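Engineer: got a predicted structure plus its sequence, pasted below:
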Protein chains: 2
Amino acid sequence: MLGEQRSIGRRAILSQIRKVGPLPRIELSEQTGISRATVTTITAELLDHGLIEEIPVEPKSKDLKRGRPKVDLKIRGDIFHVAGIKLANKSISIGICDFEGNLVSEYWSALPQTIYDEGELLATLTAELENATRATNLTLADLSAVGLGLAGIVDVVEGVVRWSPSLTTRNVKLRDALSQRLGKPVFIDNDANLVAKAEQYFGRGKNVSDFIVVTIENGVGMGIVLNNQLYRGTRGCGAEFGHTKVHLDGALCRCGQRGCLEAYVADYALLRELAVGTDMVGSADPAEDMAALIEAAKAGDKTANSVLDRAARMFAMGLANLVNIFDPKLIILSGERMQLDFLFADDVLASIRDIVVQVDAPPPEIIVHKWGDMMWATGAAAYAIEGLGELTLRELADNVA
Amino acid sequence: MLGEQRSIGRRAILSQIRKVGPLPRIELSEQTGISRATVTTITAELLDHGLIEEIPVEPKSKDLKRGRPKVDLKIRGDIFHVAGIKLANKSISIGICDFEGNLVSEYWSALPQTIYDEGELLATLTAELENATRATNLTLADLSAVGLGLAGIVDVVEGVVRWSPSLTTRNVKLRDALSQRLGKPVFIDNDANLVAKAEQYFGRGKNVSDFIVVTIENGVGMGIVLNNQLYRGTRGCGAEFGHTKVHLDGALCRCGQRGCLEAYVADYALLRELAVGTDMVGSADPAEDMAALIEAAKAGDKTANSVLDRAARMFAMGLANLVNIFDPKLIILSGERMQLDFLFADDVLASIRDIVVQVDAPPPEIIVHKWGDMMWATGAAAYAIEGLGELTLRELADNVA
DNA sequence: ATTTTAAATTCGACAGTCAAATTAAATAAT
DNA sequence: ATTATTTAATTTGACTGTCGAATTTAAAAT
């Protein structure tokens, strides 16, 4: 209980500065409800520790006013650098951000393997991190923290990967192992959650307290933000949107079960339908086949349209269920795969409105947000920034005490 | 920010006393992390205002120990009495509780109408409340607050019933209207949420921070407790579990849409299947028909079993989706309708385990909790108690300030 | 009676917030 | 140029509230 109150204030002020960008103390006071006096003392502390900085001048804003000019405060970007890593199926992407969240450097690399044992993965991650820093004027030692996202089931509290398609063994204590190896704090999470983090920090969820992010990559992922924080189930395996059942004894899913949403909307689900009775597919590359499918549909091919149509309707049904369960303010469909545009078509989104319980209030906003390849890594970096900020604040509290 | 810290302490201590029953100050201190000194001052305040009381003696516990004996503190039941009202389709039940949560009196009455305009409903509620108090040695004036639950979509923050099958008009400001009429605070909510409240305060969710309650009455309802508090969507229309879609273009639901879970598991859904091609149903009373259906199934009738079987599997699928989305620690199937036992059969619950994403951690516990008729009203009363406690604490803070 | 033990209270130090007064830094007026 | 005005930020002093340590209280053990 001791020193707790000040910690709350510090956290409130720091996160407010991060959220609404450069702003003067007086507005901080108004927005947080903390008195000017206290804002002064807290910001002095944060300045002292280098977490924030005053912006030299404010070049003469809109209208010239008299009185002592405001002094803007902002997060000091150059105090820390962090790396965000997204480990994908056969590739890895790494983004290096400063503490303000500016992407300083991007790195992408193909990987020879898809599945690793713990030692191999640690070695690979370390090596690729070094590669990524080489492209900048930084070294590995300059990074203050690392965020890592990978597919699978991740116990965030313990830092353990319960299961991942990228790992040969279960229950790998990846966070601590990597942290020890790198000599700096590491934060790991499921990759769908990282997209939610990216949206929350840098994207369309920036000032929204409750929203849901649905991603389509290979599978269908989901991140839930409630009350400004990521909701993870009790075992870290909630939010398995792709494996919610949309049909009793339905189509077979990669996971071995039947009727999963994923088994109706993922690449493989669409392509296997075409495998019988058409010659539309057959190249070795699924991406190529998907392109052919979409092309055919656009050209008016009835079979192709039928396949895509059902997928879209199943997807709409899944989304409608999310609305019925969560009644969120906002759903963000986030991803980079343009070829899945058909799932995000306006009429799909419109049809959701019809299969949702009706109220007088406006239905939740559903928006499509297309990101580049770096989105995932950015989310991982956001997670590292958040964790690092928390660590630093705690350290600060201990120092003062 | 002023006086806030003390408020936090007060709330923590009061709710801890309520949660773990009579306990001495020293344990309060340990459990809340608040120092003994502060516990003394806060409990003194609460005692002063009559919210809690010391239990005269603790008759000599297990082993005789020396030292100053502990003095247990408990919520003072007789300081307040509240009524909880559940407005059902053609009946109303009212429970009167003391501030400790003890059910002092139960009342049930059939209603002549199912749907009311605002004035009629207010009059009915007031009249029935008076009837309910008549059975006790209390009068309406002795009630300090009233909780009311009814089916429909309720905006809890504004106290407005957006829509209800019991009301002829939409957007009725029921809370304030009833509050004004009765001259005491009123709290209203959706009835499924009230069951969750009942479980949280008096039932199986007592010391669980995150759980989901599914109720089967006429429809299928759900209440979600996350982080110790009820989750309501942004428009107060989340948690519509009964209207999540389990089949694309599926069975027609009462709500006019297709494929709702309710359209597969509710009474009317089962009976309408039997209406064609069997003579199993046909009495005027659905309850009687349901009994006949279940009887036939037990006797081995293939059609009856087929009907019940599909309903059970659909129900399991819906529950599995909840698990996949929320990954809760606990799901409580709460209700009184024994005739729906088939939905709660062990093999149904077991089958859920198979259609849920597998992890090493144990799957969520799914328990069946059968309550009596008063459950709903008890939940409404719990809501009133909670709200009243909050009001009283706020008042206390203002008085001191 | 006296000692021992443990709960509860009291006391004084300290942390932290805030309103009000003061200082700082700019423009406007003379 | 100098003074007045205006507004942001800081400083000051009062006050709230928490906590550890010392003290008091109420019992059993000696």
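Structural biologist: That came through, no problem. Residues are numbered from 1 along each chain as shown, chains lettered A, B, ... in the order given.

Engineer: in chain A, where is pLDDT below threshold?
Structural biologist: A:1-3, A:56-64, A:236-238, A:277, A:279-283, A:336-340, A:342, A:355-360, A:400-401 (pLDDT under 70).

Engineer: list, one by one, the residues from it near DNA strand C.
Structural biologist: A:2-3, A:5-6, A:8-9, A:33-38, A:41-42, A:64-69, A:400 (CB under 7 Å from any atom of the strand). Any C-beta I mention is one placed from the backbone N, CA and C, and that applies to glycine too.

Engineer: now, which of those residues lie within strands?
Structural biologist: In strands, judged by DSSP state E, none of those are found.

Engineer: tell me who's in contact with A:L270.
Structural biologist: By CB atoms under 8 Å, 6 or more residues apart in numbering or on different chains, the contact set of A:L270 is A:290, A:293, A:307-308, A:311.

Engineer: would you tell me what helix or strand it is located in?
Structural biologist: Assigned by DSSP states H and E, A:L270 falls within helix A:267-275.

Engineer: I'd like the contacts of A:L270 written out as JSON lines, with secondary structure and distance to A:S166 added.
Structural biologist: Formatted as JSON lines, the contacts of A:L270 follow (DSSP: H, G, I helix; E, B strand; the rest coil; distance: CB to CB, whole Å):
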{"residue": "A:M290", "secondary structure": "helix", "distance to A:S166": "23"}
{"residue": "A:L293", "secondary structure": "helix", "distance to A:S166": "28"}
{"residue": "A:V307", "secondary structure": "helix", "distance to A:S166": "30"}
{"residue": "A:L308", "secondary structure": "helix", "distance to A:S166": "30"}
{"residue": "A:A311", "secondary structure": "helix", "distance to A:S166": "27"}
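
Engineer: now, of those residues, which are buried?
Structural biologist: A:290, A:293, A:307-308, A:311 (16 or more other CB atoms under 10 Å in any protein chain shown).

Engineer: which bits of chain A sit near DNA strand D?
Structural biologist: So chain A meets DNA strand D at A:1-2, A:24-26, A:36-37, A:40-41, A:43-44, A:65-71 (CB under 7 Å from any atom of the strand).

Engineer: which among those residues end up buried?
Structural biologist: A:24-25, A:43, A:70-71.

Engineer: tell me which two in those are the farthest apart.
Structural biologist: A:T43 and A:K70 (12.8 Å; CB to CB).

Engineer: common neighbours of the two, please.
Structural biologist: By CB under 8 Å, 6+ apart, the residues touching both A:T43 and A:K70 are A:R25.

Engineer: pretty sure A:L46 sits in a helix.
Structural biologist: Yes. Going by DSSP: H, G, I helix; E, B strand; the rest coil, the assignment for A:L46 places it inside a helix.

Engineer: so how far is A:G84 from the residue nearest to it when sequence neighbours are not counted?
Structural biologist: Excluding its sequence neighbours, the residue lying closest to A:L46 (CB to CB, 6 or more residues apart in numbering or on different chains) is A:I52, at 4.7 Å. Going from A:I52 to A:G84 by CB to CB, to the nearest Å gives 22 Å.

Engineer: comparing those two, which residue is more hemmed in?
Structural biologist: A:G84 (30 against 22; other CB atoms under 10 Å in any protein chain shown).

Engineer: show me the contacts for the residue nearest to A:L46.
Structural biologist: Taking CB under 8 Å, 6+ apart as the test, what A:I52 contacts is A:14, A:17, A:43, A:46, A:73-76.

Engineer: so it versus B:A377, what's the distance?
Structural biologist: From A:I52 to B:A377 the distance is 54 Å (CB to CB).

Engineer: ok, so of the buried ones among the contacts of A:L270, who is nearest B:N193?
Structural biologist: Relative to B:N193, and with distances defined as CB to CB, the nearest of these is A:A311, at 35.1 Å.

Engineer: just give the nearest non-adjacent residue to the closest one, would you?
Structural biologist: A:V265 (4.7 Å).

Engineer: wait, the one you found sits on A:N218?
Structural biologist: No. Applying CB atoms under 8 Å, one finds A:V265 not in contact with A:N218, separated by 11.2 Å.

Engineer: who has more neighbours, these two?
Structural biologist: A:V265 (25 against 17).

Engineer: residue contacts, the more buried one?
Structural biologist: A:216, A:220, A:311, A:314-315, A:343.

Engineer: grab the nearest non-local neighbour of A:L252.
Structural biologist: Per CB to CB, 6+ apart, closest to A:L252 is A:R258, 5.7 Å.

Engineer: how far away is that neighbour from B:A132?
Structural biologist: 51 Å.

Engineer: those two - which one has more neighbours?
Structural biologist: B:A132 (25 against 15).

Engineer: next up, phi/psi of that one, please.
Structural biologist: phi -60, psi -40 (degrees, to the nearest 10).

Engineer: list the contacts of it.
Structural biologist: Applying CB under 8 Å, 6+ apart, we find B:A132 in contact with B:83, B:94, B:96, B:105, B:107.

Engineer: can you give me the strands in the stretch 201-350 of chain A?
Structural biologist: With DSSP state E, counting those that start in this stretch as the criterion, the stretch 201-350 of chain A has strands at A:211-216, A:220-226, A:229-231, A:330-335.

Engineer: just name the most buried of these.
Structural biologist: strand A:211-216 (a mean of 26; mean count of other CB atoms under 10 Å in any protein chain shown).

Engineer: which residues are contacting that one?
Structural biologist: With contacts defined as CB under 8 Å, 6+ apart, strand A:211-216 is touched by A:192, A:195-196, A:199, A:205, A:220-225, A:241, A:265, A:319, A:322, A:326, A:328-335, A:337, A:340, A:343.

Engineer: strands paired with that strand, and their directions?
Structural biologist: Using DSSP bridges, strand A:211-216 pairs in its sheet with strand A:220-226 (antiparallel), strand A:330-335 (parallel).

Engineer: enumerate the residues of the stretch 251-400 of chain A near chain B.
Structural biologist: Neighbours of chain B within the stretch 251-400 of chain A, by CB under 8 Å from any CB of the partner chain: A:255, A:257, A:259, A:310, A:313-314, A:317, A:320-322, A:324-329, A:354-355, A:357, A:359-361, A:364.

Engineer: and A:Y383, how far from DNA strand C?
Structural biologist: Separation of A:Y383 from DNA strand C (CB to the nearest atom of the strand, to the nearest Å): 27 Å.

Engineer: quick one, what contacts that residue?
Structural biologist: Neighbour list for A:Y383: A:84, A:147, A:149, A:187, A:189, A:194, A:197 [criterion: CB under 8 Å, 6+ apart].

Engineer: is the residue nearest to it when sequence neighbours are not counted in a helix, a strand, or coil?
Structural biologist: In this structure, A:Y383 finds its nearest non-sequential neighbour in A:G147, 4.0 Å apart by CB to CB, 6+ apart. Here A:G147 takes the strand state, with states given by three-state DSSP.
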